[in-house]
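**Q** Below: sequence and its predicted model.
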Amino acid sequence: MSNLLGLWVQGSMEDPDKRLAYFKDRVAENSINAERLVQEGNAPMKPFEFWKNERREGDPKSFYYANSWQKSREEGHVNSFKAARFYSGLAAQRLKEIEDEIAAQED
């Protein structure tokens with residue numbers, strides 16, 4: 001009578017020759033992929049330092065607008081001093097309105 005556990009382990013084991021062949025194929029495929037990446041990175045069709053994102057614009061006053069209806073208004077210029085001044089003014093106005101309401105309620 002044979003050992004059932006030993007037979008089960010032997011049946012589930014991988015063939016070493018097949019495993020070595022699969023490993024050689026995998027190494028060759030990775031080598032080909034690495035060479036392909038190097039060749040694509042040095043391709044002449046890509047500009048110099050193509051991975052860098054150029055965030056500067058030509059004109060320092062070339063702000064973009066949050067919405068089209070805000071175009072040519074002070075509040076429309078995103079990330080500008082004009083917009084900050086506009087919204088600070090609105091906040092000061094609203095604060096004055098609230099203070100007037102509180103003062104009216106106290107009287």
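**A** Done, it's in.
**Q** Check which residues of the helix or strand containing residue 103 are buried.
**A** Mapping residue 103 onto the secondary structure by DSSP states H and E places it in helix 81-106. Using 16 or more other Cβ atoms under 10 Å as the test for burial, helix 81-106 gives 83, 86. For the C-beta atoms, the positions are set from N, CA and C on the backbone; glycine is no exception.
**Q** how far is it from where the chain is centred?
**A** In terms of Cα atoms, centre = their mean, to the nearest Å, the gap separating the centre of helix 81-106 from the centre of its chain is 38 Å.
**Q** just the helices in the chain please.
**A** Secondary structure of the chain by DSSP state H: the helices cover 4-12, 16-41, 81-106.
**Q** one step back: would you mind pulling up the elements that the helix holding residue 103 packs against?
**A** Applying 3 or more Cβ pairs under 8 Å, 6 or more residues apart in numbering; DSSP states H and E, we find helix 81-106 packed against no helix or strand.
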